[in-house]
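Asks: Sharing a model that was predicted from the sequence below.
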Amino acid sequence: MDGDTIRDQFVPNAIVATYYGNTDGGARTAQYGQTRIPSHIVGHVDRLKRKGEGEEAMQVVVIGGGFIGQLVQLAIPEARVLDWRKTPPADHLETRVGPQYLWEPIDGVPSSAFLVTTLVDGKEPTDESILRYKRKIGKESDGGDWGLQFQHEMLGWSSQLSKPRVEYDQLVRMVDLQGHALGMPTEVIRYDLLVSTIPLPALLGMLLTGPAYDINGFKSNPIYMADEDLQNETEGMILDYISDPLVPWYRHTYAGIKKFSESIHPQLGCRRIMPGKIHPYSDSESILAHLELDACFCFGRFATWRPDELAHQTWQQILKWKKAVGCD
Ligand SMILES: Cc1cc2nc3c(=O)[nH]c(=O)nc-3n(C[C@H](O)[C@H](O)[C@H](O)COP(=O)(O)OP(=O)(O)OC[C@H]3O[C@@H](n4cnc5c(N)ncnc54)[C@H](O)[C@@H]3O)c2cc1C
């Protein structure tokens, strides 16, 4: 298999030929533009690199050991990843709640592909049915590329990241951006570069000093998720969006022997996922730029507060950032 990409190794050719043309990640990742590395940070990093060569290595500290924190550690194995969970999850990949799939495999990691079928009201999506669905969940004016989100058939990926070295029971309470220090319950952790993967308003709430923001600008709806066992196994994954405003569920997903149902209205016996569906905040990009000036970088949909960001796009952002800060 010399010279084959991960894609070649794990996907039957017929599926690649039929569907892979639709999943050009370059076009999608381009919408988030360049990672901003302010000039004074580049100088700072050069100094850190020199430090790495002779003396003490640069300390990268990541807040949050979910999928995105694990991706940061995959890119920079020396990074310390702190998570406030008291106990490790049974399976580190289960931090991805409910039915999730990647639009692209993560390079260098064993990955497998499967067919993802997207429907609205049980049928192939149309512009009208997509708009009805978007109205139902209050996201009709949120922008984003609906054509991409509602591709009828595409390849989905699952990438088996290796077990990360997450430090659990590490509650970050305060962040001193100027002093490059994290206030933990019983100690102070110092860092050179800070990465946050926790929701942006949660990070802002922990800063001793930082950018101005309006907490009411961060709008979101919790997601209520139920799951049940199916009698027959589903091949691949089927996502069926429900546009009828009278039906509380907005999506049913069938994967393996499971059916997941999601609603933004409280439902009995459901798991409540926070922040859930997030809505754009006009100041979020300037807040992120401000944080980057202080060597604090945010990755992931919730940490950047970019409602449409997907994990494969975040991975591309992490790689660009790694190169830009000179961690190669
Ligand atoms: C229902 C749903 C479906 C989704 N489906 C997809 C999909 O199909 N494809 C896709 O690409 N993306 C999807 N996403 C978006 C996103 O890529 C995934 O949710 C991804 O798993 C998020 O991972 P994360 O690491 O950013 O966040 P999280 O998994 O929430 O990780 C954050 C971590 O930070 C820890 N933490 C929080 N506060 C602190 C603190 N103060 N101190 C220390 N630790 C702290 C938490 O314990 C947690 O482990 C979906 C999102 C949702 C909600």
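Replies: Perfect, thanks for sending it. Numbers count the residues shown, from 1 in each chain.
Asks: Within the helices and strands, which one has Gln313?
Replies: Using DSSP states H and E, Gln313 sits in helix 311-325.
Asks: Let's see the pLDDT reported for the nearest residue to Tyr101 once chain neighbours are set aside.
Replies: Distance criterion CB to CB, 6 or more residues apart in numbering; nearest residue to Tyr101, sequence neighbours excluded, is Gly156 at 3.4 Å. C-betas here are computed from N, CA, C, even on glycine. The model reports Gly156 with a pLDDT of 93.
Asks: Which secondary structure state does Gly156 sit in?
Replies: strand (DSSP: H, G, I helix; E, B strand; the rest coil).
Asks: Count residues in the vicinity of it, would you?
Replies: Gly156 is flanked by 22 other residues according to other CB atoms under 10 Å.
Asks: how much space is there between it and Trp305?
Replies: 25 Å (CB to CB, to the nearest Å).
Asks: List the contacts of the residue nearest to Tyr101.
Replies: Counting by CB atoms under 8 Å, 6 or more residues apart in numbering, Gly156 touches 101-103, 113-116, 236-237.
Asks: Could you do His279 as well?
Replies: When contacts are counted by CB under 8 Å, 6+ apart, His279 touches 138-139, 142, 219-220, 307.
Asks: Okay, now the unreliable bits of this protein?
Replies: The chain contains residues with pLDDT under 70 at 1-56, 142-144, 328.
Asks: Please see if the helix holding Gln313 touches the ligand.
Replies: Yes. Helix 311-325 lies within reach of the ligand by CB under 6 Å from any ligand atom, at Ala311.
Asks: what's the residue of the chain found nearest the ligand in contact with, if anything?
Replies: The nearest approach of the chain to the ligand comes at Gly66, 2.2 Å away (CB to the nearest ligand atom). Applying CB under 8 Å, 6+ apart, we find Gly66 in contact with 83, 95-96, 197, 300.
Asks: Look up the closest residue to Arg80, ignoring the ones flanking it.
Replies: Nearest one to Arg80, counting by CB to CB, 6+ apart, is Val61 at 4.9 Å.
Asks: Name whatever forms a beta bridge with that neighbour.
Replies: Beta-bridge pairing of Val61 under DSSP bridges involves Arg80, Leu194.
Asks: begin at 127 from here
Replies: With the count now opening at 127, the last piece we talked about shows up as Val187.
Asks: so it touches Glu204, yeah?
Replies: No. Val187 is beyond contact range of Glu204, at 10.5 Å (criterion: CB atoms under 8 Å).
Asks: Have a look at these two and say which one is more surrounded.
Replies: When Val187 and Glu204 are compared for neighbours, Val187 comes out ahead with 22 against 12, by other CB under 10 Å.
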